[in-house]
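A.B. asks: the sequence and its predicted three-dimensional model are supplied below.
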Amino acid sequence: MAGILGIYLFDKRWNAYNFGVFGLMALQHRGQETAGMEILNESSQKITGKGLVEQVFSSVSGKGNILIGGVSPYPAEEVEILPITVSEKTSAAVDGKITSVDGYRWDPGVSYEGNLRRAFSALEQGRSDLDSMKDFFSRCRGGFSYVAANEDREVLAGRGALGIKPLVLGKMGFDGGIVASESCVMDIIGERVPISPAENIEPGHAMVFTPMSARLEMIQNSPCRSYCSFEYVYLARPDSYINDIPVYGVRREIGRRLAQDGAVDADVVIGVPETAIPFAMAYSNETGIPVEKGFELTGRRVRSAMKPNQVERLKGVQLKLNVISEAVRGKRVVLIDDSVVRGNTLANIVYLMKEKGAKEIHVRIGSPHIISHCPFGVEVPGEDELIGKHLSEEKIAEVIGADSFRYLSLGDLIEATGMSRGKLCTGCFNGEYPEVV
């Protein structure tokens, strides 16, 4: 998973740099390990670094009317910082995972980025034109979205045929266009296009920007669409629309269904910040049990589930989730979280709440059990580490120290999105993926 951004301002007098910084800040929740951008005008300038967006760009500046960039949850020691150089003349930022390229034999002994460069080089044959970018991405398979730019100041931004990773289109008046992983970017730096087919870039389609034009093209057939269900549970910001569906609305419906299927006698409902807050509010509305703020944040907001190792995850929980004693002391608590992977951080939260005097803790999870890895770039560990793969709900409650534990059912998740089962990728919840990878 990553957050990607493209800005194309047709008038060269515009500078896209500051818009790019704020746009990447709006996508910070999709990756907190590295950030980068490439700015183009008569020449190109690449700025990349480790850490949060504000840290990477605090002491540098850039100038150009065209920009592509991204944030990533992967440490720089493991993967190249976005955007990556795919040839001497072309750079790209990719969200998700390209698993194969038609006509190219993937070399397992070469890095992911190295394979992309080899595949692109074989097709490019010295060209830097728009057609070479189209040719390359039309041959890519997997679950991904992308934004790419070449030295001719042409930008191609689109989604793979499956549509697993989101990409939306916005505008900046009449002078430019924006493409980004989520619509919240448009709320921050531009204006959202009125609800229309053009707002949500459809699977297999790409937005083409050149110095003289902007147009939407289909570069891949998309007979089978499979949108990532985890976007609605955890990945996306609640103020975003994913595939024209409001994330906040889905999360409130998840909370309502948790209340219907897993109600329990309790005194207070508490959501684990930030993602589970809408779940908790809807659960409270449905049951009449008061909702409380149970935690106070210390330091920067950290998505602990996306930290690269267990020590960092526990440190993130300890820092961001200081339990408010008055909210839990002597009370029966319904604790709602968005998902549980290994169970270690949730066990730590339960321990901290009981240490502050909680009488009972009943855990409800706003997603089904995670039982399988994700081949499309979501940071899910090996199956031997997944607590939902190996333990029942009753056993998980015992392991984490809770009085009860319950997942959202897969059927309820699908119904909460308003989409049919056939249009969602639910592989991490049931091991069934839309294509062989």
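C.D. replies: Cool, the structure landed. Numbering: from 1, shown residues only.

A.B. asks: what about stretch 207-224, start to end distance?
C.D. replies: From the first residue to the last, stretch 207-224 extends over 20 Å; the measure is C-alpha to C-alpha, to the nearest Å.

A.B. asks: what about that stretch, average pLDDT?
C.D. replies: With pLDDT averaged residue by residue, stretch 207-224 scores 94.

A.B. asks: please apply the same query to stretch 335-347.
C.D. replies: 95.

A.B. asks: hey, C-alpha coordinates of that stretch in CSV?
C.D. replies: Provided in CSV are the C-alpha atoms of stretch 335-347 (Å, rounded to 0.1, in the frame of the first residue of the first chain):
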residue,chain,number,x,y,z
LEU,A,335,-13.9,-1.8,23.0
ILE,A,336,-14.1,-1.5,19.2
ASP,A,337,-11.1,-1.8,16.9
ASP,A,338,-10.9,-1.9,13.1
SER,A,339,-9.0,-5.1,12.7
VAL,A,340,-6.7,-7.5,14.6
VAL,A,341,-3.6,-9.1,12.9
ARG,A,342,-1.3,-10.6,15.4
GLY,A,343,-3.2,-9.6,18.5
ASN,A,344,-0.2,-8.2,20.4
THR,A,345,-1.1,-4.6,20.3
LEU,A,346,-4.8,-5.3,21.1
ALA,A,347,-3.6,-7.4,24.1
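
A.B. asks: could you give me the buried positions within it?
C.D. replies: With burial defined by 16 or more other C-beta atoms under 10 Å, the residues of stretch 335-347 counted as buried are 335-347. In short, each C-beta sits where N, CA and C put it, glycine included.

A.B. asks: same deal with stretch 391-411?
C.D. replies: 391, 393, 396-397, 399-410.

A.B. asks: still on that earlier bit, between the buried residues of stretch 335-347, which is nearest residue 425?
C.D. replies: Ranked by distance to residue 425 (C-beta to C-beta), the buried residues of stretch 335-347 are led by residue 339 at 15.3 Å.

A.B. asks: name the nearest residue to residue 188, sequence neighbours excluded.
C.D. replies: Nearest residue to residue 188, sequence neighbours excluded (C-beta to C-beta, 6 or more residues apart in numbering): residue 26, at 4.5 Å.

A.B. asks: tell me the contacts of that neighbour?
C.D. replies: Neighbouring residues of residue 26 by C-beta atoms under 8 Å, 6 or more residues apart in numbering: 180, 182, 184-185, 187-189, 237.

A.B. asks: which of those residues has the most neighbours?
C.D. replies: Neighbour tally across the contacts of residue 26 (other C-beta atoms under 10 Å): the maximum, 31 neighbours, falls on residue 180.

A.B. asks: what's stretch 37-51 in contact with?
C.D. replies: For stretch 37-51, contacts defined as C-beta under 8 Å, 6+ apart pick out 5, 12, 16-17, 20, 24, 32-36, 55-57, 60, 62-70, 75-76, 81-83, 91, 149, 151, 153.

A.B. asks: return the distance of it from the chain's centre.
C.D. replies: 22 Å (C-alpha atoms, centre = their mean, to the nearest Å).

A.B. asks: just stretch 72-87 next, same as before
C.D. replies: With C-alpha atoms, centre = their mean, you get 16 Å for stretch 72-87.

A.B. asks: any buried residues in that stretch, and which?
C.D. replies: Applying a neighbour-count criterion of 16+ other C-beta under 10 Å, one finds 72-74, 79-87 buried in stretch 72-87.

A.B. asks: likewise for stretch 96-104?
C.D. replies: Applying a neighbour-count criterion of 16+ other C-beta under 10 Å, the buried positions in stretch 96-104 are 96-101, 104.

A.B. asks: now the residue nearest to residue 188: phi and psi?
C.D. replies: With angles defined as degrees, to the nearest 10, residue 26 sits at phi -70, psi -20.

A.B. asks: show me where the stretch 51-200 of the chain dips below the pLDDT cut-off.
C.D. replies: Confidence mapping of the stretch 51-200 of the chain against pLDDT under 70 gives the ranges 126-128, 192-198.

A.B. asks: ranges for the strands of it?
C.D. replies: Using DSSP state E, counting those that start in this stretch, the strands found in the stretch 51-200 of the chain span residues 66-72, 84-85, 90-101, 140-150, 155-159, 168-172, 176-180, 191-192.

A.B. asks: closest one to residue 200 among those strands?
C.D. replies: Judging those by C-beta to C-beta, what sits closest to residue 200 is strand 168-172, at 5.7 Å.
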